[in-house]
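Trainee: all I have is the shape, not the residue letters:
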DNA sequence: TTAAATGATAAACAGTGTTCATAAAAACAC
DNA sequence: GTGTTTTTATGAACACTGTTTATCATTTAA
């Protein structure tokens, strides 16, 4: 009797429907403006029904959070083919920024909002595989750069933190609207995407000078 | 008859009372968990009264936003005495991070939340003096560094953007809880503040190598 | 003293996340 | 097939949120 299995399958299916609908609404209306009632209406169920499949709104957010990291890792995958580690590092920066701009709401969910991290702090024993996976990709690339003569005197972990901090900072300033407020941009001299590329290139350029 | 003047004074006084109370509540309960009704109760007035002094919640947020920049600029003021521009740059980084940690909710209001920037985008003609002031302090310091032989081949504005991106990224990751989730920290090897200092030092160290 | 303007508020509107008793449907035991 | 238990779904409610409006008291102006 596979009735238990079918029920488990049905349950997972329902969870997926809710998540998919919630994600679409996030993309449409932005993260802050989606309510449980919106999701319920979209899937043509009562709001209370959602609470049969998710403990609360945070659990939905966290589920999307996990999916988002999967998406980010997918964006990174093609870059692992790049043999030269420094070139790969540059392309990782570009890919990271592309991801942040193309999936703005998702990026905020992954790296700006603190709710998912708080939720994660609750279950402390559990490792944060998705996050570590992305960070390890960076660390490994930097380690390989070191073997090619870059950043020789620097600690790999600290250097990775620094690179991540810069890249995230650039994306965060862009998504929060602060980048569009700097004088030069306000005067319309440059487009936002151009500023981001130039700033990334400036950063990469400083790293380039750290060879041997 | 100074009745107009007195009324204007009373009005400003009431606005200050509301702002002060709102700020205290923000510090206590965090930005997201403060409502107009909370503020009203704290000052012992009806919620509707607040709307006589502020158009809506965003205007309160934006008023605090302005005050926050004043506070940040105050934190920077002592640093202008430092003669050596590179040393000043380092201390600006430290001061920025100190400010972000000590005034976490305010920092989020200033640099993470997008509402104040959206509100600012509404009145486009108005310059954003407070923000430019802080950014100019950074730009000038970097310009002076260039005169001392640092970053010679770099554009001042782009280089300033890069430095700001890094510093903000570090603070943002800390305040959103992402810094506490990196493997090394999860294993309890290092304290958060130590990580931030080390990462800043790593960054400063890369800049140091860009002399002449 | 009367008329107009201002200040303050209770009540209401439309929305939020969440809980709970109730009703319908499916699974199980006999 | 009947009766019982478990699962699934929901309407209604609770305690909130930001904001608006009609109403009332007070202060200013004529």
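Mentor: Alright, I've got the coordinates. All values reported here derive from a predicted model rather than from experimental measurement.

Trainee: any idea how far stretch A:41-59 is from the chain center?
Mentor: Centroid separation for stretch A:41-59 versus its chain: 25 Å, with C-alpha atoms, centre = their mean, to the nearest Å.

Trainee: is that stretch positioned near chain B?
Mentor: No. If you take C-beta under 8 Å from any C-beta of the partner chain as the test, stretch A:41-59 misses chain B, and the best it gets is 12.9 Å. In short, each C-beta sits where N, CA and C put it, glycine included.

Trainee: quick one: mean pLDDT over that stretch.
Mentor: Averaging pLDDT along stretch A:41-59 gives 97.

Trainee: one more: stretch A:65-84?
Mentor: Averaging pLDDT along stretch A:65-84 yields 94.

Trainee: distance between the ends of that stretch?
Mentor: Start-to-end span of stretch A:65-84 (C-alpha to C-alpha, to the nearest Å) is 31 Å.

Trainee: ok, residue A:72 - contacts?
Mentor: If you count contacts by C-beta atoms under 8 Å, 6 or more residues apart in numbering or on different chains, residue A:72 has them with A:99, A:110, A:134.

Trainee: show me which of those is closest to DNA strand D.
Mentor: residue A:110 (26.2 Å; C-beta to the nearest atom of the strand).

Trainee: ok, now how distant is the residue in chain A that chain B sits nearest to from residue B:170?
Mentor: Chain A approaches chain B most closely through residue A:169 (2.4 Å), counting by C-beta to the nearest C-beta. Distance, residue A:169 to residue B:170, by C-beta to C-beta, to the nearest Å: 7 Å.

Trainee: swap in residue A:54?
Mentor: Distance of residue A:54 to residue B:170, computed by C-beta to C-beta: 33 Å.

Trainee: same question for residue A:53.
Mentor: On the measure of C-beta to C-beta, residue A:53 and residue B:170 end up 38 Å apart.

Trainee: higher neighbour count, the two?
Mentor: When neighbours are counted by other C-beta atoms under 10 Å in any protein chain shown, residue A:53 and residue B:170 differ, and residue B:170 comes out ahead with 27 against 17.

Trainee: okay, and the residue lying closest to the more buried one once chain neighbours are set aside sits in which element?
Mentor: Counting by C-beta to C-beta, 6 or more residues apart in numbering or on different chains, residue B:170 lies nearest to residue A:165, which is 4.1 Å off, once chain neighbours are set aside. Per DSSP states H and E, residue A:165 falls inside helix A:156-175.

Trainee: hmm, back to that, check contacts around the residue of chain A closest to chain B.
Mentor: Neighbouring residues of residue A:169 by C-beta under 8 Å, 6+ apart: B:164, B:165, B:166, B:167, B:168, B:169, B:170, B:172.

Trainee: which among those residues gets closest to residue A:36?
Mentor: Comparing the contacts of residue A:169 against residue A:36 with C-beta to C-beta picks out residue B:172 as the nearest, at 28.0 Å.

Trainee: go ahead and confirm that closest one touches residue B:111.
Mentor: Yes. Taking C-beta atoms under 8 Å as the definition, residue B:172 is a contact partner of residue B:111 at 7.2 Å.

Trainee: what does chain A put close to DNA strand D?
Mentor: Contact residues (C-beta under 7 Å from any atom of the strand) of chain A with DNA strand D: A:7, A:10, A:11, A:14, A:45, A:46, A:47, A:48, A:49, A:51, A:52.

Trainee: quick one: classify the fifth one as helix, strand or coil.
Mentor: Here residue A:45 is coil, with the state taken from DSSP: H, G, I helix; E, B strand; the rest coil.

Trainee: cool, the last one as well?
Mentor: Here residue A:52 is recorded as helix under three-state DSSP.

Trainee: got it, and the fourth one?
Mentor: For residue A:14, the reduced secondary structure class is helix; criterion used: three-state DSSP.

Trainee: helix or strand: which one has the closest residue to DNA strand D within chain A?
Mentor: Closest to DNA strand D within chain A is residue A:48: 3.1 Å, counting by C-beta to the nearest atom of the strand. Here residue A:48, judged by DSSP H and E, is contained in helix A:47-53.

Trainee: mind listing what's buried along the very next helix or strand once past that helix?
Mentor: The helix or strand immediately downstream of helix A:47-53 is helix A:57-76, counting by DSSP H and E. Using 16 or more other C-beta atoms under 10 Å in any protein chain shown as the burial criterion, the residues of helix A:57-76 that qualify are A:57, A:60-65, A:67-69, A:72, A:75-76.

Trainee: read off the pLDDT value for residue A:118.
Mentor: pLDDT, residue A:118: 75.

Trainee: hmm, back to that, and the helix holding residue A:48, what's buried?
Mentor: For helix A:47-53, by 16+ other C-beta under 10 Å, it's A:50, A:53.

Trainee: ok, residues contacting the helix or strand following the helix holding residue A:165?
Mentor: Remark: after helix A:156-175, the chain's next helix or strand is helix A:183-186, criterion DSSP H and E. If you take C-beta under 8 Å, 6+ apart as the criterion, helix A:183-186 is touched by A:179, A:180, A:190, A:192, A:195, B:127, B:128, B:132, B:135, B:157.

Trainee: make TSV out of the residues you listed and add pLDDT and neighbour count.
Mentor: Shown next, in TSV, are the contacts of helix A:183-186 (pLDDT from 0 to 100; neighbours: other C-beta atoms under 10 Å in any protein chain shown):
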residue	pLDDT	neighbour count
A:179	91	21
A:180	85	16
A:190	73	16
A:192	91	13
A:195	93	22
B:127	65	12
B:128	76	18
B:132	83	16
B:135	94	20
B:157	95	22
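
Trainee: from these, which land in strands?
Mentor: With strands defined by DSSP state E, no entry of the contacts of helix A:183-186 lies inside them.

Trainee: select from those every entry located in helices.
Mentor: A:192, A:195, B:132, B:135, B:157 (DSSP state H).

Trainee: contacts only, for the first one.
Mentor: The neighbourhood of residue A:192, defined by C-beta under 8 Å, 6+ apart, consists of A:174, A:179, A:180, A:185.

Trainee: what's near enough to touch residue A:166?
Mentor: Residue A:166 is in contact with A:203, B:162, B:165, B:166, B:169, B:203, counting by C-beta under 8 Å, 6+ apart.

Trainee: could those residues go into CSV alongside pLDDT?
Mentor: Shown next, in CSV, are these (pLDDT from 0 to 100):
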residue, pLDDT
A:203, 98
B:162, 98
B:165, 98
B:166, 98
B:169, 98
B:203, 98
